[in-house]
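[1] just coords:
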Ligand SMILES: Cc1ncc(COP(=O)(O)O)c(C=O)c1O
């Protein structure tokens, strides 16, 4: 019997929810089992997906089975299969069963973690897991929560960079920017290889992209510290104020590593904030042999890396750390009456709404907690190590093939290479390989030269997948001009 109140929609019953949930997990488990056999790149043209969807929403509800069937029929053909072991493009966005289930629990609990009071477990698990991660990666202790610093989960490295910029602006303005707006004399610095999110953050913050200096890089494509020093000196001599420097540990194009310690010394001489963006490469610091990636971090004011890239944790999950919370909280805290509560007044509780742009926030720490507990530190280290070893093996195959060459030395799990022959059309080669569907790679341009860019980082990628990719690349390379 239907006992609904008038006006109340018909919800799935607990049993229907359970059955639909089992069906979704079954479907996902099957998807992950067969994803290696799907063409990695979708074969659809713009508009195809919409054209297959009904023009109007259903007036009455449809069965869950019908909805799930349409995921398979209408949605899957228009997906790029990021979870394919043959996905080698961009940077990975890998995931894992514990992460998916952690995210599902988060959705099911449906809590808002904006204040400590609105779900103490949401806040305290996040603080705790970020402290765990600081230890797992060997980050400086000042990023941990027991002192002035601490970590928070942001949706993305782009948001982390924006928050770092706003905190730096607040500090540089003597804590007046939030009331008075931007001082007119602030200048920020990065390298020509820094991720474009900083440029976007400069415009969002109203500081202006023209006030972002992109300094030159050296032969390894790492920031040239002399060029940085010179740019800051020249700006200061013109009456401008260098207030923010972004160093990158693992650049987007080639995974180059900026000399963070030397950059930190130059930044400190001007009282500028140092933010370190380790979005992709940061996860490698799990392994003692890659801890050199943290060199100089003790000088950083803020740091971020993305478990949603290389640490088996599905999007979105960026871990953002500050050495001192005060400028960040000063930049982002606004306290309307309706959010006042006794726990916040004590000053003992963390209210993460003050550490990010939006007010509301998901319980993202659950998926990280599930991943770390389910795998354990050692397996996560081995996961990263395995990808680096596979990339290293690919590097040796490329070096041994006289038709191909590495354009820059491999960095961690990323290999950038091209055909040697003058006039070889590697763009056509990449298009051919990707259209074929057996793998997906992306490209970069290094000193004007188009390069194939292969990043090993997917959850189920094995030596066989990398070897098969290399055989396909060689064969296609031989058949094209
Ligand atoms: C070095 C670096 N920083 C930032 C980002 C942006 O990451 P997100 O998508 O988390 O904003 C990327 C993306 O690949 C990146 O490579």
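    Great, that's in hand. Keep in mind it's a predicted model, so treat the numbers as computed, not measured.
[2] State the mean pLDDT of stretch 303-312.
    For stretch 303-312, mean pLDDT rounds to 98.
[3] Just checking that stretch against the ligand, any contact.
    Yes: applying C-beta under 6 Å from any ligand atom, one finds stretch 303-312 in contact with the ligand at residue 306. (C-beta placed from N, C-alpha, C; glycine too.)
[4] Show me which residues of this structure are close to the ligand?
    So far as C-beta under 6 Å from any ligand atom goes, the chain lies against the ligand at 91, 156-158, 195, 197, 248, 250-252, 277, 279-280, 306, 318.
[5] Identify those among these that sit within strands.
    248, 277, 318 (DSSP state E).
[6] Next, the buried residues of stretch 391-401.
    391, 393, 394, 395, 397, 398, 401 (16 or more other C-beta atoms under 10 Å).
[7] got these as JSON lines, with secondary structure, distance to residue 108 and pLDDT columns?
    Shown next, in JSON lines, are these (DSSP: H, G, I helix; E, B strand; the rest coil; distance: C-beta to C-beta, whole Å; pLDDT from 0 to 100):
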{"residue": "391", "secondary structure": "helix", "distance to residue 108": "37", "pLDDT": "98"}
{"residue": "393", "secondary structure": "helix", "distance to residue 108": "42", "pLDDT": "98"}
{"residue": "394", "secondary structure": "helix", "distance to residue 108": "41", "pLDDT": "98"}
{"residue": "395", "secondary structure": "helix", "distance to residue 108": "44", "pLDDT": "98"}
{"residue": "397", "secondary structure": "helix", "distance to residue 108": "46", "pLDDT": "98"}
{"residue": "398", "secondary structure": "helix", "distance to residue 108": "46", "pLDDT": "97"}
{"residue": "401", "secondary structure": "coil", "distance to residue 108": "51", "pLDDT": "96"}
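[8] of those residues, closest to the ligand?
    Comparing those against the ligand with C-beta to the nearest ligand atom places residue 391 closest, at 16.2 Å.
[9] how far away is the closest one from residue 455?
    Counting by C-beta to C-beta, to the nearest Å, the gap from residue 391 to residue 455 is 8 Å.
[10] again, but for residue 338
    Distance of residue 338 to residue 455, computed by C-beta to C-beta: 46 Å.
[11] go on, residue 260?
    The spacing between residue 260 and residue 455, counted by C-beta to C-beta, is 22 Å.
[12] Packing partners of the helix-or-strand element of the chain with minimal mean pLDDT?
    For the chain, counting by mean pLDDT, DSSP states H and E, helix 342-346 ranks last in confidence among helices and strands (a mean of 92). Here helix 342-346 touches no other helix or strand, going by 3 or more C-beta pairs under 8 Å, 6 or more residues apart in numbering; DSSP states H and E.
[13] What's the nearest residue in the stretch 1-150 of the chain when you look at the ligand?
    Residue nearest to the ligand within the stretch 1-150 of the chain (C-beta to the nearest ligand atom): residue 91, separated by 4.9 Å.
[14] Using the record's assignment, carve the protein into domains.
    Using automatic domain parsing, the domains assigned to the chain come out as 14-78, 111-362, 378-479.
[15] quick one: buried residues of the helix or strand hosting residue 231?
    Per DSSP states H and E, residue 231 falls inside helix 225-237. By neighbour count on 16+ other C-beta under 10 Å, the buried set for helix 225-237 is 225, 227, 228, 229, 231, 232, 235.
[16] What count of nearby residues applies to residue 48?
    Residue 48 has 13 neighbours, counted by other C-beta atoms under 10 Å.
[17] My read is that it contacts residue 74, right?
    No: using C-beta atoms under 8 Å, residue 48 is not in contact with residue 74; the gap is 9.9 Å.
[18] which among the buried residues of helix 225-237 gets closest to residue 208?
    Of all these, residue 208 sits closest to residue 235, with 13.6 Å by C-beta to C-beta.
[19] wait, that closest one sits on residue 213?
    Yes: with contact defined as C-beta under 8 Å, residue 235 reaches residue 213; the gap is 7.3 Å.
[20] residues shared between the contacts of those two?
    Listed as contacting both residue 235 and residue 213 by C-beta atoms under 8 Å, 6 or more residues apart in numbering are residue 187.
[21] ok so, going back, spit out the residues that contact residue 391 and residue 455 alike.
    Residues touching both residue 391 and residue 455 (C-beta under 8 Å, 6+ apart): 413, 414, 415.
[22] got JSON lines for those, with secondary structure too?
    Converted to JSON lines, the shared contacts of residue 391 and residue 455 look like this (DSSP: H, G, I helix; E, B strand; the rest coil):
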{"residue": "413", "secondary structure": "coil"}
{"residue": "414", "secondary structure": "strand"}
{"residue": "415", "secondary structure": "strand"}
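[23] and of those residues, the nearest to the ligand?
    residue 414 (10.4 Å).
[24] hey, what's the closest one bridged with?
    Here residue 414 sits in beta bridges with residue 411, residue 455, going by DSSP bridges.
[25] Please name the residues that touch it.
    The contact partners of residue 414, by C-beta under 8 Å, 6+ apart, come to 254, 255, 391, 453, 454, 455, 456.
[26] For ChimeraX, write the select line for the buried members of the residues you listed.
    This is the ChimeraX syntax for the buried subset of the contacts of residue 414, where burial follows 16+ other C-beta under 10 Å:
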select :254,255,391,453,454,455,456
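[27] can I get the contacts of residue 414 in TSV with distance to residue 377?
    Compiled in TSV, these are given as follows (distance: C-beta to C-beta, whole Å):
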residue	distance to residue 377
254	28
255	23
391	22
453	30
454	28
455	23
456	21
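[28] For residue 146, state which of the contacts of residue 414 is nearest.
    For the contacts of residue 414, the residue nearest residue 146 by C-beta to C-beta is residue 255; the value is 32.2 Å.
[29] tell me which element the closest one falls in.
    Counting by DSSP H and E, residue 255 is part of no helix or strand.
[30] mind listing the strands in the stretch 51-200 of the chain by residue range?
    For the stretch 51-200 of the chain, applying DSSP state E, counting those that start in this stretch gives strands covering 150-154, 186-191.
[31] Which strands or helices does the last one pack on?
    It stands for strand 186-191. Secondary elements touching strand 186-191 (3+ C-beta pairs under 8 Å, 6+ apart): helix 157-172, helix 197-204, strand 212-215, helix 225-237, strand 241-248.
[32] This completes my enquiry, with thanks.
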